[in-house]
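> here are the coordinates; sequence isn't available:
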């Protein structure tokens, strides 16, 4: 806010929730009043009036137009808007509400006080059970439910009634109640809600010293209360919506994103736990520091990921969260996938070889391999695909440049054993292939990564980056992380806020593995874990996790990871598992499913159909279009949801996206994993790796669904999941 402003205006999440239920003209009028006041507070007073009959003298009303009123709390220099509605409804809503300064949870809470109702004594035949009959008041209070809300809590009959009464409760209270009803233990609830002292938490102020002005600025209050810093930010938030990750972070997420670290950080968590959200807020936090320090002019934060499409999606979302950092000249945040960064860097360094990232150059690699195999005899029992896989997974992945290194290298997980003699023969083949690439002026991506790393290490170029943030780390290889360490090397002054890495090996869909410590990145003592799924229902989450049952994955360093404690507080319908006789019947069923989705609740652009292969996506698009249903085929670039149509894409492209409803067709035994992928396996161990990648791919695809998931197949279902 500006120095001339007489009041600090804030907005509780309930304000936006209530606005969304009103006509657009009312929301626009309210936004207009707010932005005018923010631009010139001395000329545009808010004209707040006392609400007669209210239990809280600080509760006020403001006229929006002839028929609508906004409700706010005015305390000292602070005004917090909490509700907008028709005149009479707004006053009724305000009558029982008050602001509670809650030192136990370190936040401001908007609660409704309900008078206790004396009910007639019920007999066993007449008593109707209530949802929280078996839960004591003492337990609810200890978990963070205010005393004033207990009467209303005791009146809730079912979990459906609790869901319908969400707006009646303080947001924290609702989250606690839902977790209790879902059967979570108290320790889990405290971890999920952020209530309860953390081992490294700072001591809270004595209750007597708490003020509204101090408490509204805490991490916990900021979870549900927004304080705009500029008129542009206020308008952007109203246009995009207060409710959601763009403004609000769970205390656990905010604690990770908005703090300083003395070295590299690794953040892990299952699908939907908000890892990318945390990464984006981390970028904003570090860019804010650059903006506010004149001595750091020209510095920037590099946010990189594995694929071009994910980079586009992240940049589009950052333009909502903090457009000023991307639009600054030079930008304070640079978003780019790592292959493109390497390509641009080597071009500036006049690298003489063409990097075969894609297209015609990749085809030329196949020709070079053919020439090599024509000139060499393979060791007995080995095939050409095996040799190429050995080159990619061992030699290139580990950055081996001489025979001695290859003879000593660990081949754990490769399956087919190789004695010293066979390795020596293979090294001659690899050396010939490498020499031919150089002669042809070609380089593989791993070669390009190594070349860039060597240049950065030897020349110490003056890069503008003050920090690097890595998203989807599980898909990065060892050479990628060595490059990232070279882009942001540890300095004599330390490694403060240098690297922030997020990922989940359960979602590894490209088969690459790397241990942070092996690449010069020490995250020990700074490894964080997110456990609460914000995207999907418990039913969808449980099914997606079952796809990975019995599978062991790494923790992106030198240990193993688990999904233990990975939970969702939302409940919903179980995924539909639909078996069909033929693929034609399966497509007809998909069309019928789309038509059955309620159009008044779900836009076509919030429905996704995800396929293993592009050819399958084409068949889906043809079937939906033939039925007169609009479609959009997602390829590269960000997804503009303002364009109508069901989104159709591959499971790989869907990474980073989410939809209200998702359908995943063609999951028969004969089609998934695709036969071509299995035929490419060079030995049983390689085949198991491929199957594991497709397990992860299905897990990723299923967790794109927020509320509805449809799984279908024709004939016999794939063995990757159980029916």
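Good, I have the coordinates. Just so it is clear, the structure is predicted and the values come from calculations on it, not from any experiment. Residues are numbered from 1 along each chain as shown.

> the strands in the stretch 401-550 of the chain, which residues?
442-443, 465-470, 499-503, 527-530, 532-533 (DSSP state E, counting those that start in this stretch).

> got the domain boundaries for the chain?
8-221, 249-347+449-561, 357-443, 575-714 (automatic domain parsing).

> make CSV out of the ones you listed and add mean neighbour count and distance to residue 237.
C-beta: built from backbone N, CA, C; applies to glycine. Below are the domains of the chain laid out as CSV (neighbours: other C-beta atoms under 10 Å; distance: least, C-beta to C-beta, whole Å):
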stretch, mean neighbour count, distance to residue 237
domain 8-221, 17, 8
domain 249-347+449-561, 19, 9
domain 357-443, 15, 38
domain 575-714, 18, 18
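
> contacts for stretch 615-627 next, please.
583, 587-588, 590-591, 594-595, 609, 611, 631, 633, 646, 648-650, 665-666, 671 (C-beta atoms under 8 Å, 6 or more residues apart in numbering).

> the residues you listed in strands, which ones?
Here DSSP state E is the test, and the contacts of stretch 615-627 give 609, 611, 631, 633, 646, 648-650 as lying in strands.

> which one of the residues you listed sits closest to residue 94?
residue 646 (42.3 Å; C-beta to C-beta).

> tell me the contacts of that closest one?
594, 604-605, 607-609, 624, 629-632 are the contacts of residue 646 under C-beta under 8 Å, 6+ apart.

> for these, which one is nearest residue 486?
In terms of C-beta to C-beta, no member of those lies closer to residue 486 than residue 608, at 37.7 Å.

> wait, doesn't the closest one sit right on residue 657?
Yes - the pair residue 608 and residue 657 passes the contact test of C-beta atoms under 8 Å, sitting 6.9 Å apart.

> mutual contacts of these two, please.
Residues touching both residue 608 and residue 657 (C-beta under 8 Å, 6+ apart) are 647, 649, 704.

> ok, the first one touching residue 629?
No - because the distance of 11.9 Å does not satisfy C-beta under 8 Å, residue 647 is recorded as not touching residue 629.

> just to revisit the earlier point, next, format the domains of the chain as a markdown table and append mean pLDDT and distance to residue 238.
Listed next are these as a markdown table, based on pLDDT from 0 to 100; distance: least, C-beta to C-beta, whole Å:
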| stretch | mean pLDDT | distance to residue 238 |
| --- | --- | --- |
| domain 8-221 | 83 | 5 |
| domain 249-347+449-561 | 88 | 12 |
| domain 357-443 | 89 | 41 |
| domain 575-714 | 92 | 17 |
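
> for those, which one sits closest to residue 569?
Once the domains of the chain are compared by C-beta to C-beta, domain 8-221 is nearest, at 5.2 Å.

> list the residues that contact the most centrally placed residue in the chain.
Central residue of the chain (C-alpha atoms, centre = their mean): residue 274, 3.5 Å from the mean position. Contacts of residue 274 were listed using C-beta under 8 Å, 6+ apart, and they are 245, 249-250, 253, 530, 534.

> do residue 538 as well
By C-beta under 8 Å, 6+ apart, the neighbours of residue 538 are 182, 567-572.

> also residue 499?
263-265, 467-470, 484-485, 488, 521.

> closest to residue 25 out of the residues you listed?
Looking across the contacts of residue 499 and measuring by C-beta to C-beta, the closest to residue 25 is residue 469, at 40.8 Å.

> my read: that closest one touches residue 276, true?
No - in this structure residue 469 lies outside contact range of residue 276 using C-beta under 8 Å: 10.1 Å.

> ok, back up a step: of the contacts of residue 538, which is the most crowded?
Taking other C-beta atoms under 10 Å as the neighbour criterion, residue 568 ranks highest of these with 24 neighbours.

> in the sheet, who's paired with that residue?
residue 533 (DSSP bridges).

> can you check the pLDDT for it?
pLDDT, residue 568: 81.

> gap between it and residue 132?
According to C-beta to C-beta, to the nearest Å, residue 568 stands 21 Å off from residue 132.

> still on that earlier bit, adding distance to residue 216 as columns, could you present the contacts of residue 274 in TSV?
As requested, the contacts of residue 274 are exported to TSV (distance: C-beta to C-beta, whole Å):
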residue	distance to residue 216
245	20
249	16
250	18
253	19
530	26
534	23
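
> contacts only, for residue 429.
372-373, 376, 378, 387.

> repeat that for residue 213.
8, 75-78.

> got it, and residue 411?
394, 418.

> for it, what are phi and psi?
Main-chain dihedrals, residue 411, degrees, to the nearest 10: phi -120, psi 30.

> need the longest helix for the protein.
What stands out as the longest helix in the chain, according to DSSP state H, is helix 420-440.

> what ranges do the strands span in the stretch 251-400 of the chain?
265-269, 300-305, 333-337, 354-355.

> mind putting the contacts of residue 499 in a markdown table, distance to residue 355 included?
Shown next, in a markdown table, are the contacts of residue 499 (distance: C-beta to C-beta, whole Å):
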| residue | distance to residue 355 |
| --- | --- |
| 263 | 31 |
| 264 | 27 |
| 265 | 30 |
| 467 | 26 |
| 468 | 21 |
| 469 | 24 |
| 470 | 20 |
| 484 | 18 |
| 485 | 20 |
| 488 | 22 |
| 521 | 24 |
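
> for these, which one is nearest residue 82?
residue 469 (34.5 Å).

> so who does that closest one touch?
279, 282-283, 286, 301-304, 499-502.

> could I get these in JSON lines, plus columns for distance to residue 310?
Listed next are the contacts of residue 469 as JSON lines, based on distance: C-beta to C-beta, whole Å:
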{"residue": "279", "distance to residue 310": "11"}
{"residue": "282", "distance to residue 310": "16"}
{"residue": "283", "distance to residue 310": "14"}
{"residue": "286", "distance to residue 310": "20"}
{"residue": "301", "distance to residue 310": "17"}
{"residue": "302", "distance to residue 310": "15"}
{"residue": "303", "distance to residue 310": "11"}
{"residue": "304", "distance to residue 310": "10"}
{"residue": "499", "distance to residue 310": "18"}
{"residue": "500", "distance to residue 310": "16"}
{"residue": "501", "distance to residue 310": "15"}
{"residue": "502", "distance to residue 310": "12"}
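
> tell me the SS of residue 709?
Under DSSP: H, G, I helix; E, B strand; the rest coil, the three-state class of residue 709 is strand.

> same thing with the one 3 residues further on?
When states are read from three-state DSSP, the local structure at residue 712 comes out as strand.

> which residues touch the spatially closest residue to it that is not a sequence neighbour?
Spatial nearest neighbour of residue 712, excluding adjacent residues (C-beta to C-beta, 6 or more residues apart in numbering): residue 578 at 4.3 Å. Each residue near residue 578 by C-beta under 8 Å, 6+ apart is listed here: 586, 589, 710-713.

> same thing but 7 Å
By C-beta atoms under 7 Å, 6 or more residues apart in numbering, residue 578 lies in contact with 589, 710-712.

> so which pair among those is furthest apart in space?
Counting by C-beta to C-beta, the most remote pair of those is 589 and 711, 11.4 Å apart.

> closest one of the contacts of residue 499 to residue 691?
Nearest member of these to residue 691, counting by C-beta to C-beta, is residue 470, at 27.1 Å.

> surely that closest one is in contact with residue 484?
Yes - between residue 470 and residue 484 a contact is recorded at 6.2 Å, counting by C-beta atoms under 7 Å.

> name the helix or strand for residue 625, please.
helix 614-626 (DSSP states H and E).

> that helix: how far from the chain's middle?
28 Å (C-alpha atoms, centre = their mean, to the nearest Å).

> skip the chain neighbours and tell me the closest residue to residue 569.
Spatially, and ignoring its direct neighbours in sequence, residue 569 is nearest to residue 178 (5.2 Å; C-beta to C-beta, 6+ apart).

> which residue ranges of the stretch 51-200 of the chain form strands?
Using DSSP E, counting those that start in this stretch, strands in the stretch 51-200 of the chain cover 59-63, 68-75, 78-86, 97-102, 107-112.

> check contacts around residue 97.
Residue 97 touches 56, 59, 110-112, counting by C-beta under 7 Å, 6+ apart.
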